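K.L.:
Below are the sequence and a predicted model for it; my questions follow.
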2 protein chains.
Amino acid sequence: MNSSVTATSEPTLTDKFQRGNVLASSCPSRGVLQDVTSRWGVLALFALLQGTHRFSELRKSITGVSEKMLSQTLQALEADGFVLRTAHPVIPPHVEYSLTASGREVAKRVEELVNWIEVNINPILSARDEYTSLKSG
Amino acid sequence: MNSSVTATSEPTLTDKFQRGNVLASSCPSRGVLQDVTSRWGVLALFALLQGTHRFSELRKSITGVSEKMLSQTLQALEADGFVLRTAHPVIPPHVEYSLTASGREVAKRVEELVNWIEVNINPILSARDEYTSLKSG
DNA sequence: CGCCTATACTTACTAAAAGAAAGTACATGC
DNA sequence: GCATGTACTTTCTTTTAGTAAGTATAGGCG
């Protein structure tokens, strides 16, 4: 089919083998993918592309996230090596979060997805309206 | 940094305004983003990039998905205009799912994210191991 | 005729995850 | 010595996901 789809220059596994490693439930990529594409994971990565932020700053900018979920989300991203957590040993605590090199790579791809959706939000919402009126009307 | 990352030529909203429309909980992009980045939404879009598939084929290829969740996921993607559902009026039922034009656009971006993770899965898993051994050991 | 099969769902119930709210730790200022 | 600020954690409730069984129905077979 179309081989000019990916913008990256690295050969992808899906090109080399049959595509669909992730489609197998045993594939460890699935777990990572879920950390990255989780409700708040996407937004945290997106927010951190702007630079380093404190916990409370992230919580303010990512509207609607609870402290518990933000904490949980950041820990998962930190475990995967996407986010760097820097705690300054002062009281009250001062903790800073930033992206690692690999974190920036994933975040850039997340950003492209998010940007595409934002740019195309109007036709998408129209499609939604049409769909729901077809189903209920 | 690397400015050749984005494949699109359109100006993005995050470039034009301050970035972070999605970061506001009121932004409708969030809902769409959740459909696209949901656990099975990502995989359905990825799977459909290969072409048209029947419901049962998707269920087989996306290992682990239940009929209920696949149905729900496909309906959400259909509502957003990313997936086209074609039902042939025969018995037993024959339904085909394919990507729409906009569906291919989102799916391509999802694919890039998925591919990046698959290519880089080993260092990520190493980071995870190191993290968990730091925390528990 | 009556039963079985195949496919794409939906429905009822249970397990897991998310969300809300309160609690914890502790140096500093008043 | 009491309130404040920050980054969490814990408990409890609500929402969502997952499992398993049910539904519809044309055609094939004995």
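P.N.:
Arrived safely, thanks for sending.
K.L.:
A:Thr100 contacts A:Gly81, correct?
P.N.:
Yes. The pair A:Thr100 and A:Gly81 qualifies as a contact (Cβ atoms under 8 Å) at a distance of 5.8 Å. C-beta coordinates here come from the backbone N, C-alpha and C atoms, glycine included.
K.L.:
Who has more neighbours out of these two?
P.N.:
When neighbours are counted by other Cβ atoms under 10 Å in any protein chain shown, A:Gly81 comes out ahead of the other of A:Thr100 and A:Gly81, with 22 against 18.
K.L.:
Can you get me a residue count around A:Leu134?
P.N.:
For A:Leu134, the neighbour count with other Cβ under 10 Å is 9.
K.L.:
how about the strands in chain A?
P.N.:
With DSSP state E as the criterion, chain A has strands at A:53-54, A:83-88, A:94-99.
K.L.:
Those into a markdown table, with extra columns for mean neighbour count, distance to chain B and mean pLDDT?
P.N.:
Compiled in a markdown table, the strands of chain A are given as follows (neighbours: other Cβ atoms under 10 Å in any protein chain shown; distance: least, Cβ to the nearest Cβ, whole Å; pLDDT from 0 to 100):
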| stretch | mean neighbour count | distance to chain B | mean pLDDT |
| --- | --- | --- | --- |
| strand A:53-54 | 17 | 11 | 98 |
| strand A:83-88 | 14 | 10 | 98 |
| strand A:94-99 | 16 | 12 | 98 |
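K.L.:
okay, the ones you listed in CSV with distance to B:Gln50 next?
P.N.:
Formatted as CSV, the strands of chain A follow (distance: least, Cβ to Cβ, whole Å):
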stretch, distance to B:Gln50
strand A:53-54, 39
strand A:83-88, 32
strand A:94-99, 32
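K.L.:
Please name whichever of these is nearest to DNA strand C.
P.N.:
DNA strand C lies closest to strand A:94-99 among the strands of chain A, at 11.6 Å (Cβ to the nearest atom of the strand).
K.L.:
so, in contact with DNA strand C or not, the closest one?
P.N.:
No. Strand A:94-99 stays clear of DNA strand C (Cβ under 7 Å from any atom of the strand), getting no nearer than 11.6 Å.
K.L.:
now for that strand, which elements pack on it?
P.N.:
Contacts defined by 3 or more Cβ pairs under 8 Å, 6 or more residues apart in numbering or on different chains; DSSP states H and E place strand A:94-99 against helix A:39-48, strand A:53-54, helix A:55-61, strand A:83-88.
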